[in-house]
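>>> one predicted model, sequence on top.
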Amino acid sequence: MGALLFTCVIAVMLTGVTAKPNSGLKTWGRFHRLPYPGDKAFLYETFPEGFMWAVGTAAYQVEGAYEKDGKGLSIWDTFTRGGNRVVTGDVGSDSYHNVRADVRAIRKLGVTHYRFSLSWARIFPNGTRGSYNEIGTNYYRTLIKKLKEIRVQPVVTLYHWDLPEHLQQTLGGWANPQLVDIFRDYADFCFHAFGDDVKYWITIDNPFVVAQSGYGTGEEAPGIKHDPDLPFRVGHILLKAHAAVWHLYHRQYRHRQKGRISMALASHWIKPSRTRRESLIECQCSLDHVLGWFARPIFTDGDYPTCMKQRLGSKLPSFTPEERDYIKGTADFFALSHAVELSFQLINAFVSALHRYVLGKTKTEDSKHMYYHKRFIAETLKSIVIDGVNVIGYTAWSLIDGFEWHREYSVRRGLYYVDFSTSDMKRVPKTSATFYRTVIQRNGFPELPENRPVQGVFPCDFAWGVSANSIQVETMPSQFADPSVYLWNISNNGELIKMEGLIAPPLKRKIHCADYATIRQQVEEIRQIGVNHFHFSLNWSALVPSGDVSHPNNTLLGYYRCFARQLLQANVSLVVTLWHHTSRGAWLNRSLKTPEAFADYARLCYRELGAYVKMWITLNEANDEVVSYQEGHQMLRAHALAWHAYDREFRHLQGGQVSLVLHMEWVEPAFLFSREDVEPAKRVLDFRMGWFAEPIFGSGDYPQGMRSWLRQLNSVSLPVFNEEDRRLVKGTYDFFAISHFSTTLVTHAKEDLYQYNAMLEVQRMSDTTWIPSPLRSVVPWGLRKALNWINEHYRNVPVYVMANGVEEDPAHFKDNLRVYYLYNYINEALKAYTLDGVNLKGYFAYALNDQRDPCFGLYGNIQEEVIIKASLSNYRNIIQHNGFPVQGGDPQQCPSRPLSCLSCQVLSKRPVLAFLSLVGSGVLITLGIIIYYTAKRHKESY
């Protein structure tokens, strides 16, 4: 196993530690039962008063001066010169000559504690007291003094992997039991020399790496391998050495120096793919072989975990009863280093490591490292507030860039950037340093007003809707599709019995809209949600298969008309899209004149369906990233021609509105306080939103920033609007509609080639504290920011959120992620309306069902059965309350929505027909009365 180089150290206070075999199994059960996705949500809270905020380093990584002022060689000085290695830590970050610079960096961070390690070979060059080096000792005295001057408490590690080479060569290092007494004597000197100013001591850092990687795999110094039993003998000696030092401090120094002492243990976390007991036991055993190896003897009963003893047998040394008593309880706090999580299953095991460092070429813009720290700090806070763990401190690793052990200088972990090629090695704060300083100043993540849910309601005429990419179509009515004859068994159980061999004659009646079973089913599904609008897309190629609008598919048009009529009778208004981005057309084919053909197609739809549709979408998500700028230019012309066709030829008769839907993911600077990240975020929004929005809603031309950026690239051409096209396109809207699903972070720093956009020179990334979904992160506040962007650029324009939803496993009918998503996104929309003054007119959840839009539906399916998901009921509840009304407040007074009346709409448009219909109705009623009374008198005469 490779070395685990850890990024954070957490200190936990201990109160009466006891444990039984397999007692850790309940931990997985607890986390398995946590409410999802609420347990993944970010917690806005602060740490307890007096929380220890720290930063750390290790001597060999940063000190340098490997032979200066009498320092002896360490095993790392030798190890880095072995084999074919050419890179050493001889200079590191040169902290030996930069005490003032390090202390200045520590002070700027605002930490309360600084964890550093002593170089054993700098104090005792050959490892024993007889080789004492006064100059090396004074270096640490100076460092501690400077820390005290800035009111930062030192946390001192006695041993961080750099054993004096002399002890390795003459005694075999930690494989020799004599190291116990030698280490105790070294610790005795350190307690005497520095103890009056040190309140926290670490005896040994990560003994697992010392034993396994140093004396097992040979990946770390001293690089010994080929003896599979040696790591366990080394671990045995490390535990005895630690216990000896703890008892020394406890007996001779604690009463005077009032300090605390422990060993820093490291561990991965592992979770089973299934929560079966056998899997949990395997997970527990995995932890026992890493953390439990050293934690159980110290914190529990002085002996190794049962799992280790059973599986390793004689390979694992044993403790005598006296040794168990001597080792047990030798810690005043639990120091945990953590950076890795494993996922485990009994048959196939796989490992996924969190990115806990940045590449060596990265300089001060380390946003990925910053969000890594954010996640660990946030989870530490949850363990305190939610789980009740007594965590007393957090140490970020590390203060400055340095020599990263077997990775050498290929990666960087520092909060401060160090240019190793310069003589002064100036420390420059990275974005992660600024972030950490802010967290310390705030003592965590205090809740701000914008983080709290808002109470309130939307306006009475708010459009609540649901969207679908398409609807299910049947070309023949299914109501009378079965010609068989059935006998109704009315005297028994009411079953219909099919009469074999009998076929009913064909019906000669006209087809009615109610004959389509698919229409009835879809309309009923929509009605049950409680929405007043439904949005779906037409199929251009299916409606006009030949391309000639004079020969449309009348059967399909009739079906769409029936669907529209039935939906209106259910009091649900339609929003109809003419073209959806999943069906890209030949927009650049000049011979087809696609924009003009699209306008003709739009006229057909307006003419045939316009009596039922009051909101039209010309293009849905035309600003997709796969669309070229030339295609986009023609799409803009097509939209404009379709808009003008409606405005000139149909609006006065139908009274509808026309616009287009733009796909808008919010783009947030990875580091808000950096202008270098703010500019890329603006650039992405210009290229994704301004590309289509500015010509239509703004100036009639592409954004200036977009043009200037492409001009400087001199490789991609942006079409030019002539004056005629500018007048054609500008102002062709009645509202602003977006589809929005998530948020992404951008930075100008190039870290990941797969997420880097070379043309825009931006790196896309995600905040690891965001709730994940299968494809996108759940970031509710991104919707509010997107709506504000629209309002700031195009003041007071009416806005509709035309599609908003999250993908979730379709087997989850209790779709808690979607419940959380809809509630919080709608609440952010309400904030935009009530707090920010955005002219928000409607919200549409996406999507209706999994059958047409897999993984997004409010309805699920099991074979032919339709299942109502939990999210549907929750969405319906929000609609019924028109938002989130104040509890106990006066209910919103809204006039009742008028029931849909198709005939009334027709009559209002044609008053002559209305008058004739009224006269005709009166004549029919009069004739009916005359016939009734004439028949009645005729009966009485008999």
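Perfect, I can see it now. Residues are numbered from 1 along each chain as shown.

>>> C-alpha from now on. contacts and neighbour counts both.
Will do.

>>> helix or strand: which one has the residue nearest to G860 when sequence neighbours are not counted?
Counting by CA to CA, 6 or more residues apart in numbering, G860 lies nearest to I867, which is 4.8 Å off, once chain neighbours are set aside. Following DSSP states H and E, one finds I867 within strand 865-868.

>>> contact partners of the very next helix or strand once past that strand?
Counting by DSSP H and E, the next helix or strand C-terminal to strand 865-868 is helix 870-880. For helix 870-880, the external contacting residues (CA atoms under 8 Å, 6 or more residues apart in numbering) are 464, 529-531, 813-816, 818-819, 822-823, 858-859, 884.

>>> what comes up buried for helix 870-880?
Across helix 870-880, burial judged by 16 or more other CA atoms under 10 Å covers 870-876, 878-879.

>>> so where's the stretch 501-650 of the chain shaky on pLDDT?
Applying pLDDT under 70 to the stretch 501-650 of the chain flags the ranges 504-511, 582-585, 591.

>>> show me the strands in it, by range?
533-537, 573-580, 613-620 (DSSP state E, counting those that start in this stretch).

>>> now the stretch 151-300 of the chain
Counting by DSSP E, counting those that start in this stretch, the strands of the stretch 151-300 of the chain are 153-159, 200-205, 260-272.

>>> how distant is the second one from the center of its chain?
Same thing as strand 200-205. Its chain's average C-alpha position is 36 Å from that of strand 200-205, according to CA atoms, centre = their mean, to the nearest Å.

>>> which residues touch it?
154-161, 242, 245, 259-265.

>>> repeat that for 7 Å
By CA atoms under 7 Å, 6 or more residues apart in numbering, the surrounding residues in contact with strand 200-205 are 155-160, 242, 259-265.

>>> repeat that for the first one.
Residues from elsewhere that reach strand 153-159 (CA under 7 Å, 6+ apart): 112-118, 144, 147, 187, 198, 200-205.

>>> just the buried members of the residues you listed?
Buried among the contacts of strand 153-159 by 16+ other CA under 10 Å: 112-118, 144, 147, 187, 198, 200-205.

>>> looking at the contacts of strand 200-205, spot the one nearest S423.
Using CA to CA, H160 comes nearest to S423 of those, at 26.3 Å.

>>> could you check the pLDDT of the closest one?
For H160, the pLDDT comes out at 97.

>>> one more: the one 4 residues further on?
Turning to P164, the model gives it a pLDDT of 98.

>>> list the contacts of the residue nearest to it when sequence neighbours are not counted.
Once flanking residues are discounted, P164 sits nearest to S74: 4.2 Å by CA to CA, 6+ apart. By CA under 7 Å, 6+ apart, S74 lies in contact with 121, 162-165.

>>> quick one: the residues you listed as TSV, columns for neighbour count and distance to Q310 too.
Listed next are these as TSV, based on neighbours: other CA atoms under 10 Å; distance: CA to CA, whole Å:
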residue	neighbour count	distance to Q310
A121	28	39
D162	23	33
L163	23	32
P164	27	35
E165	24	35
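
>>> give the rounded mean pLDDT of stretch 892-912.
60.

>>> stretch 852-862 now?
95.

>>> same check, this time on stretch 289-298
The model assigns stretch 289-298 a mean pLDDT of 96.

>>> now the end-to-end length of it.
Stretch 289-298 has an end-to-end distance of 15 Å (CA to CA, to the nearest Å).

>>> neighbouring contacts of it?
Contacts of stretch 289-298 (CA under 7 Å, 6+ apart): 208, 265-267, 302-305, 308, 327-331.

>>> kindly recompute the last result at 8 Å.
So stretch 289-298 is contacted by 207-208, 235, 239, 265-268, 302-305, 308, 324, 327-331 (CA under 8 Å, 6+ apart).

>>> same check, this time on stretch 57-64
Counting by CA under 8 Å, 6+ apart, 76, 89-96, 115-119, 160, 162, 397-405 sit against stretch 57-64.

>>> let me have the buried residues of helix 870-880 in JSON lines, adding distance to W709 and pLDDT as columns.
Compiled in JSON lines, these are given as follows (distance: CA to CA, whole Å; pLDDT from 0 to 100):
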{"residue": "A870", "distance to W709": "47", "pLDDT": "97"}
{"residue": "S871", "distance to W709": "43", "pLDDT": "98"}
{"residue": "L872", "distance to W709": "45", "pLDDT": "98"}
{"residue": "S873", "distance to W709": "48", "pLDDT": "97"}
{"residue": "N874", "distance to W709": "45", "pLDDT": "98"}
{"residue": "Y875", "distance to W709": "43", "pLDDT": "98"}
{"residue": "R876", "distance to W709": "46", "pLDDT": "98"}
{"residue": "I878", "distance to W709": "44", "pLDDT": "98"}
{"residue": "I879", "distance to W709": "44", "pLDDT": "98"}
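
>>> got a markdown table for the residues you listed, with distance to C562 too?
Converted to a markdown table, the buried residues of helix 870-880 look like this (distance: CA to CA, whole Å):
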| residue | distance to C562 |
| --- | --- |
| A870 | 30 |
| S871 | 29 |
| L872 | 25 |
| S873 | 28 |
| N874 | 30 |
| Y875 | 27 |
| R876 | 26 |
| I878 | 30 |
| I879 | 26 |
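
>>> looking at those residues, which is nearest Q284?
For these, the nearest to Q284 is A870 (35.1 Å; CA to CA).

>>> now do the closest one against W587, distance only.
42 Å.

>>> all strands of the stretch 351-500 of the chain, in order?
358-359, 391-397, 411-412, 416-418, 427-429, 456-457, 463-467, 484-488, 496-503.

>>> the second one pairs with which strands, and in what direction?
The sheet places strand 391-397 alongside strand 8-13 (antiparallel), strand 52-56 (parallel), with pairing taken from DSSP bridges.

>>> looking at these, which one has the lowest mean pLDDT?
strand 8-13 (a mean of 60).

>>> what mean pLDDT does the following helix or strand past that strand have?
Later in the chain than strand 8-13, the nearest helix or strand by DSSP H and E is helix 25-32. The average pLDDT within helix 25-32 is 82.

>>> helix 25-32 versus strand 260-272: what angle between them?
Orientation check (axes from the mean of the first three to the mean of the last three CA atoms, to 10 degrees): helix 25-32 against strand 260-272 gives 60 degrees.
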